[in-house]
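> Build me a model from this:
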Amino acid sequence: MSQGVTISGLGEDRLVAHLTVGLPLTSSVVLGPGDDCAVMRPPTGKGHYQLLKTDVVVEGVHFLATSPPEAVGWKAAARAVSDMAAMGGWPTHAVVTVVAPGRTPVSWLRGVYRGLVRCARAFDFSVVGGETSGAPDGSPVVLNVSLLGEVAARGWVSRSGARPGQAILVTGRLGGSLKSGRHLRFQPRLAEARWLASHFRPAAMMDVSDGLGQDLPRLAASSGVGWTLDLASIPRHRGCSLEQALGDGEDFELLFTVPARRCGPLLEAWAREFPRLPLTRIGTVAAAGHHEPPLQGGFEHFRE
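Okay, the predicted model is just below:
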């Protein structure tokens, strides 16, 4: 690669693809880089795989200096939990890394940890350690949560199983997360994803973190397929435009595909199991190269 190419010029997805080519993977790795979590066979025990995820929030990117510290801590942990949900798994243990300037108030970090603890208790995982590092004055605070989890060996779901003709569905409603503050208090769809994996195992699934306009193309690219969307059916939060629903991001809802013949029974069963959370069919998986309509927008790191 040319020495003149910058991260911004390359873009997030191409950067990740470039950095992960040729990474060493032992025989215990079932699924490596490129999905929401890595999947590994555990050293002992049968019937389950291990999940491993690391996620980072950065002041000025994922939260503001004025954001409530407990909400920042919740978000830092809940983002990783949401990725576990996207694989059909559940979290078990976490370690936390904090990078902060020396002038950061201890009371602020204690508030962050209250949020982390609240998330751990809500989703039943342990926080077993971590690391702290100083940073030059004026640097942003960085919080990293590394999460270990489990998934049934016959129940894990990746992004790569979508096939033409399958139904595309999304949970909840989209758009307006930053304006409303939902990006700091969202609920990872962990229980819903585990129910899906057990009863109507999706062919492909991921969480919507960067916006439907960014994440559906990622799922499609991973599966080697396209899409046909019914834009009028995309569920939106009150007061949000279609553009916001496609591009705002930070929704952390589940985006997944199932065989079309199972869509009706799924919607009926879902309404009984989760009556307060909508589940909406928004389109159909199409052949590779068919993008109706073309999608753009959403959040992408390093975009200039």
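
> For residue 32, see how far away the residue nearest to residue 139 when sequence neighbours are not counted is.
The shortest distance from residue 139 to any non-neighbouring residue, by CB to CB, 6 or more residues apart in numbering, is to residue 101 (5.4 Å). (Each C-beta comes from the backbone N, C-alpha and C, glycine too.) Using CB to CB, to the nearest Å, one gets 35 Å for the distance from residue 101 to residue 32.

> Kindly report the same for residue 153.
On the measure of CB to CB, residue 153 and residue 32 end up 17 Å apart.

> and residue 97, how many residues sit next to it?
16 (other CB atoms under 10 Å).

> likewise residue 175?
So residue 175, with other CB under 10 Å, has 28 neighbours.

> Can you tell me the element the residue nearest to it when sequence neighbours are not counted falls in?
For residue 175, ignoring the flanking residues on the chain, the nearest one in space by CB to CB, 6+ apart is residue 240 at 3.3 Å. Taking DSSP states H and E as the definition, residue 240 sits outside all helices and strands.

> Quick check: phi and psi at residue 240.
As for residue 240, its main-chain torsions (degrees, to the nearest 10) stand at phi -100, psi 140.

> what's the neighbour count on it?
20.

> do the one 5 residues further on as well
For residue 245, the tally of surrounding residues (other CB under 10 Å) stands at 24.

> Residue 288 now?
Count around residue 288 with other CB under 10 Å applied: 12.

> That one touches residue 221, doesn't it?
No: shown here, residue 288 and residue 221 do not form a contact pair, counting by CB atoms under 8 Å, at 9.2 Å.

> Domain-wise, how is this protein divided?
29-152, 167-292 (automatic domain parsing).

> Okay, now the unreliable bits of this structure?
Along the chain, segments meeting pLDDT under 70 span 1-3, 7, 43-45, 297-304.

> Now for residue 99: which residues touch it?
Taking CB atoms under 8 Å, 6 or more residues apart in numbering, we find residue 99 in contact with 132, 133, 134, 135, 139, 141, 142, 143, 144.

> In this structure the fourth one contacts residue 100, no?
Yes: counting by CB under 8 Å, residue 135 touches residue 100, with 6.0 Å between them.

> Which one's more surrounded, these two?
residue 100 (20 against 15).

> Give me the distance between the more buried one and residue 78.
From residue 100 to residue 78 the distance is 20 Å (CB to CB).

> Same check on residue 263?
28 Å.

> who has more neighbours, the two?
residue 78 (27 against 19).

> quick one: the strands in the protein?
29-31, 38-40, 48-58, 90-101, 126-135, 142-152, 167-171, 204-208, 226-229, 253-258, 279-286, 291-292 (DSSP state E).

> Let me have the ones you listed in a markdown table, extended by distance to residue 180.
Listed next are these as a markdown table, based on distance: least, CB to CB, whole Å:
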| stretch | distance to residue 180 |
| --- | --- |
| strand 29-31 | 34 |
| strand 38-40 | 32 |
| strand 48-58 | 18 |
| strand 90-101 | 26 |
| strand 126-135 | 28 |
| strand 142-152 | 22 |
| strand 167-171 | 17 |
| strand 204-208 | 16 |
| strand 226-229 | 24 |
| strand 253-258 | 14 |
| strand 279-286 | 19 |
| strand 291-292 | 29 |
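
> All the helices of the stretch 101-250 of the chain, residue numbers only.
106-122, 177-180, 190-199, 212-223, 242-247 (DSSP state H, counting those that start in this stretch).
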